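Visitor: The following block contains a protein sequence and its predicted model.
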Amino acid sequence: MAHGPAKGIGRWLRATNHKDIGTMYLWFSFTMFLLGGFFAMVIRAELFEPGMQIVKPEFFNQMTTMHGLIMVFGAIMPVFVGLANWMIPMMIGAPDMALPRLNNLSFWILPFGFSLLASTLFMPGGGPNFGWTFYAPLSTTYAPPTVNFFIFGIHIIGASSIMGSINIIATILNLRAPGMTLMKMPLFVWTWLITAFLLIAVMPVLAGAVTMMLMDINFGTSFFNAAGGGDPVLFQHVFWFFGHPEVYIIIIPAFGVISAIIPTFSRKPLFGYSSMVYATAAIAFLSFIVWAHHMFTVGMPLAGELYFMYATMLIAVPTGVKVFNWITTMFRGAITYETPMLFAIAFVILFTIGGFTGLMLAIAPADIQYQDSYFVVAHFHYVMVAGALFSSTAAVYYWIPKWTGRMYNEAMGKVHFWVSFVAFNVTFFPQHFLGLAGMPRRYADYSLQFADWNMVSSIGAFAYGASQLLFLYNVIATIVAGRKISDPKVWEGAEGLEWTVPTPAPYHTFSTPPAFK
């Protein structure tokens with residue numbers, strides 16, 4: 001018996017359409033972003049001034065852990081999977097993703113994984129309190145009883161990532177339109193192809209790490225327990241062998257987004273397409289062989305420190321190629337500064353600052369001062385927030401007219417950008433000073449000499465959080481009542497230029513949306 005299309009909640013529960021699943025990923029990731037952001041507000045409220053004001057140190061530790069886990073695994077990774085679901089089939093001329101039911105499953109296990117993770121905060125013993133890197137023995141010998149729920153949640157999230165990656169690879173390799181060779185694909189598709197292979201390579205490593213934790217906690221093994229012949233430093237090696245490629249899993253799709261936006265608003269093709277592809281692949285490869293630069297203070301041999309120092313610095317070369325290509329694309333272009341372009345330019349500037357502080361952290365002797373200080377927090381957020389979040393915000397502004405057929409409020413988008421840009425720098429730039437002055441991270445209290453910059457940082461954080469509510473309002477208003485893009489008034493202010501469709505050409509040789517005549 002034939003059935004019509006599913007209506008209501010059934011449409012979403014049984015969704016196999018890549019657009020519906022992409023939409024669910026985007027809304028889920030924004031929900032997690034607000035939750036993780038709330039945890040960050042608790043952290044910054046407590047650090048507003050010295051002394052204990054709002055929460056107990058134990059709960060503060062739970063907040064730092066949950067903020068990191070939810071932002072990395074719940075907000076940033078799913079937003080790029082949502083963009084991949086929406087855009088990859090369209091960009092390569094595919095009717096849908098290759099494995100639609102797997103696509104549905106890979107999304108629907110995510111809410112359960114994160115519900116499990118967040119619910120630990122309400123269980124006896126409290127949520128995980130050992131930092132988002134969950135170093136042993138803090139996460140094994142001294143862990144709260146809820147650690148088993150945390151481990152199960154991580155397994156579910158990892159399974160979702162692997163299924164999503166298999167789907168993306170199968171789609172890109174098998175469903176491209178006739179004539180679209182790999183070197184004619186949009187860079188966003190290339191970045192996701194490389195990212196998907198990275199995910200499949202490293203998520204099982206994370207699964208292995210948390211399984212060894214499970215065994216140590218419940219079955220008497222001693223993988224990470226020195227008293228039983230194990231080694232706590234082994235955990236750090238296993239975790240960072242996953243964790244460093246994970247950082248690039250988060251940022252490489254952002255490179256693809258920026259490589260789509262900058263050519264569009266510069267009215268020029270992307271400079272150095274093939275070098276961008278090779279640079280992205282080089283970054284992905286190098287990300288596997290630099291993991292121990294997170295561990296310069298564990299007492300590794302001098303030869304090991306030298307190797308990881310130089311290998312880490314080597315990543316700056318392909319990254320520099322990408323930044324050079326973006327700037328050269330803009331050079332002598334007919335640039336207009338719409339909201340997506342503002343976020344893209346901010347990405348290039350702030351991500352480059354994050355890259356330079358990363359080079360500072362790569363210097364092994366100097367890292368002994370920086371390690372576990374607020375300097376690392378500042379560096380990490382310049383890469384994650386200014387990198388991943390600014391680019392995903394740019395992507396939403398850039399593609400929401402395509403998704404909804406309606407135009408967002410440009411003036412409100414620009415207000416959102418400028419408040420976010422200023423507030424972000426007010427929040428995180430002072431943390432460089434705090435770290436160099438000696439303030440350790442993940443502490444609920446601090447000495448009086450750190451008070452002024454912490455107050456500045458907290459004010460910036462509250463402003464940044466408030467600006468995201470403006471973004472949420474703009475997106476909902478666009479969907480509900482935005483001007484239809486068929487309305488000529490939408491294009492007022494575009495210098496009165498006529499909007500035309502260009503002649504067909506390989507995707508990366510013209511700007512998208514179509515160029516102005």
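Guide: Yes, it's here.
Visitor: make it CA atoms for all contacts and neighbour counts henceforth
Guide: Noted.
Visitor: Count residues in the vicinity of N425, would you?
Guide: When neighbours are counted by other CA atoms under 10 Å, N425 registers 19.
Visitor: now swap in the one 4 residues further on and tell me
Guide: Burial measure for F429: 18 neighbouring residues, criterion other CA under 10 Å.
Visitor: Could you confirm it falls within a strand?
Guide: No. According to DSSP: H, G, I helix; E, B strand; the rest coil, the state of F429 is helix, so it is not within a strand.
Visitor: Can you tell me the closest non-neighbouring residue to it?
Guide: Spatial nearest neighbour of F429, chain neighbours left out: A378 (6.6 Å); criterion: CA to CA, 6 or more residues apart in numbering.
Visitor: Next: S447.
Guide: If the residues on either side of it in the chain are set aside, S447 comes closest to P50, at 6.7 Å by CA to CA, 6+ apart.
Visitor: how about that neighbour, secondary structure?
Guide: P50 is classified as coil under three-state DSSP.
Visitor: which residues touch it?
Guide: Contact analysis of P50 by CA atoms under 8 Å, 6 or more residues apart in numbering lists D445, Y446, S447, L448, A451.
Visitor: just A209 next, same as before
Guide: For A209, counting by CA under 8 Å, 6+ apart, the contacting residues are F235, V238, F239.
Visitor: Secondary structure element for the first one, which one?
Guide: F235 is part of helix 232-266, with elements assigned from DSSP states H and E.
Visitor: Determine the set of other helices and strands touching that helix.
Guide: Using 3 or more CA pairs under 8 Å, 6 or more residues apart in numbering; DSSP states H and E as the contact definition, the elements that helix 232-266 packs against are helix 77-92, helix 187-218, helix 273-286, helix 316-330, helix 339-362, helix 390-404.
Visitor: list the buried ones in whichever strand or helix holds N167?
Guide: Mapping N167 onto the secondary structure by DSSP H and E places it in helix 147-174. Across helix 147-174, burial judged by 16 or more other CA atoms under 10 Å covers 147-169, 171-172.
Visitor: and it, what does it pack onto?
Guide: Helix 147-174 is packed against helix 77-92, helix 100-119, helix 187-218, with contacts defined by 3+ CA pairs under 8 Å, 6+ apart.
Visitor: what's the average pLDDT for the longest one?
Guide: For helix 187-218, the per-residue pLDDT values average out at 97.
Visitor: got the angle for it vs helix 77-92?
Guide: Angle of helix 187-218 versus helix 77-92, following axes from the mean of the first three to the mean of the last three CA atoms, to 10 degrees, is 150 degrees.
Visitor: now the second one
Guide: Angle, helix 100-119 to helix 77-92, by the same axes, to 10 degrees: 160 degrees.
Visitor: What are the contacting residues of helix 100-119?
Guide: Here helix 100-119 makes contact (CA under 8 Å, 6+ apart) with 13-18, 21, 24-25, 28, 66, 70, 74, 97, 127, 149-150, 152-154, 156-157, 159-161, 163-164, 167.
Visitor: if you set the cut-off to 6 Å instead, what comes out?
Guide: Defining contact as CA atoms under 6 Å, 6 or more residues apart in numbering, one finds that helix 100-119 is touched by T16, F150, G153, I156, I157, S160, M163, G164.
Visitor: next one: the helix holding N167 to chain centre, how far?
Guide: 16 Å (CA atoms, centre = their mean, to the nearest Å).
Visitor: surely F33 meets F73?
Guide: No. If you go by CA atoms under 6 Å, F33 and F73 don't touch, sitting 10.2 Å apart.
Visitor: Can you list the buried residues in stretch 376-395?
Guide: 376-395.
Visitor: Now do the end-to-end distance for it.
Guide: End-to-end span of stretch 376-395 (CA to CA, to the nearest Å): 27 Å.
Visitor: From the rest of the structure, what touches that stretch?
Guide: So stretch 376-395 is contacted by I251, A254, P340, F343, F347, L350, F351, G354, T357, F428, Q431, H432 (CA under 6 Å, 6+ apart).
Visitor: Turn those into TSV, columns for neighbour count and distance to M213.
Guide: Shown next, in TSV, are the contacts of stretch 376-395 (neighbours: other CA atoms under 10 Å; distance: CA to CA, whole Å):
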residue	neighbour count	distance to M213
I251	23	28
A254	26	32
P340	28	43
F343	30	40
F347	26	37
L350	22	37
F351	24	34
G354	21	32
T357	19	32
F428	26	33
Q431	26	32
H432	20	33
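Visitor: one step back: can you say which of the contacts of P50 are buried?
Guide: D445, Y446, A451.
Visitor: Present those as TSV; the columns should include secondary structure and pLDDT.
Guide: TSV is the format used below for the buried ones among the contacts of P50 (DSSP: H, G, I helix; E, B strand; the rest coil; pLDDT from 0 to 100):
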residue	secondary structure	pLDDT
D445	coil	95
Y446	coil	95
A451	helix	96
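Visitor: Out of those residues, which is nearest to M412?
Guide: Relative to M412, the closest of the buried ones among the contacts of P50 is A451; by CA to CA it sits at 34.0 Å.
Visitor: before we move on, the earlier item: so for the helix holding N167, mean pLDDT?
Guide: Helix 147-174 shows a mean pLDDT of 97.
Visitor: For A75, give its distance to V81.
Guide: Remark: distance between A75 and V81 (CA to CA) = 10 Å.
Visitor: do M300 as well
Guide: 37 Å.
Visitor: Compare the two and say which is more crowded by neighbours.
Guide: Between M300 and V81, counted using other CA under 10 Å, the more crowded position is V81 (24 against 12).
Visitor: same question for stretch 473-480, mean pLDDT?
Guide: On average, stretch 473-480 scores 97.
Visitor: Show me what counts as buried in it.
Guide: Neighbour-count burial for stretch 473-480 flags N474, V475, A477, T478, I479 (criterion: 16+ other CA under 10 Å).
Visitor: Then stretch 458-468?
Guide: So for stretch 458-468, counting by 16+ other CA under 10 Å, buried means S458, I459, G460, A461, F462, A463, Y464, G465, S467, Q468.
Visitor: Pull the distance from that stretch to the chain's centre.
Guide: How far stretch 458-468 lies from its chain's middle: 19 Å, per CA atoms, centre = their mean.
Visitor: try stretch 123-139
Guide: Mean C-alpha position of stretch 123-139 versus that of the full chain (CA atoms, centre = their mean) differs by 22 Å.
Visitor: Put the alpha carbons of it into PDB.
Guide: Output in PDB follows, covering the C-alpha atoms of stretch 123-139 (Å, rounded to 0.1, in the frame of the first residue of the first chain):
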ATOM      1  CA  MET A 123      23.000  12.100  39.400                       C
ATOM      2  CA  PRO A 124      24.500  11.300  42.900                       C
ATOM      3  CA  GLY A 125      28.200  12.100  42.800                       C
ATOM      4  CA  GLY A 126      27.700  14.800  40.100                       C
ATOM      5  CA  GLY A 127      28.900  15.000  36.500                       C
ATOM      6  CA  PRO A 128      32.500  14.400  35.200                       C
ATOM      7  CA  ASN A 129      34.900  16.700  36.900                       C
ATOM      8  CA  PHE A 130      38.200  15.800  35.300                       C
ATOM      9  CA  GLY A 131      38.400  18.200  32.300                       C
ATOM     10  CA  TRP A 132      37.400  17.600  28.700                       C
ATOM     11  CA  THR A 133      40.700  15.700  28.200                       C
ATOM     12  CA  PHE A 134      39.700  13.300  31.000                       C
ATOM     13  CA  TYR A 135      43.300  12.500  32.000                       C
ATOM     14  CA  ALA A 136      43.800   9.300  34.000                       C
ATOM     15  CA  PRO A 137      44.100   8.700  37.000                       C
ATOM     16  CA  LEU A 138      41.800  11.600  37.600                       C
ATOM     17  CA  SER A 139      39.200  10.000  35.400                       C
END
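Visitor: would you put the C-alpha positions of stretch 303-320 in CSV?
Guide: In CSV, the C-alpha atoms belonging to stretch 303-320 read as follows (Å, rounded to 0.1, in the frame of the first residue of the first chain):
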residue,chain,number,x,y,z
ALA,A,303,64.9,13.7,21.0
GLY,A,304,61.1,13.4,21.3
GLU,A,305,60.7,17.0,22.3
LEU,A,306,62.8,18.2,19.4
TYR,A,307,60.9,16.0,16.9
PHE,A,308,57.5,17.1,18.1
MET,A,309,58.6,20.7,18.2
TYR,A,310,59.8,20.8,14.6
ALA,A,311,57.0,18.6,13.2
THR,A,312,54.5,21.0,14.9
MET,A,313,56.1,24.0,13.3
LEU,A,314,55.9,22.3,9.9
ILE,A,315,52.1,22.5,10.0
ALA,A,316,52.4,26.3,9.8
VAL,A,317,53.6,25.9,6.1
PRO,A,318,50.4,24.5,4.5
THR,A,319,48.3,26.6,6.8
GLY,A,320,50.2,29.7,5.6
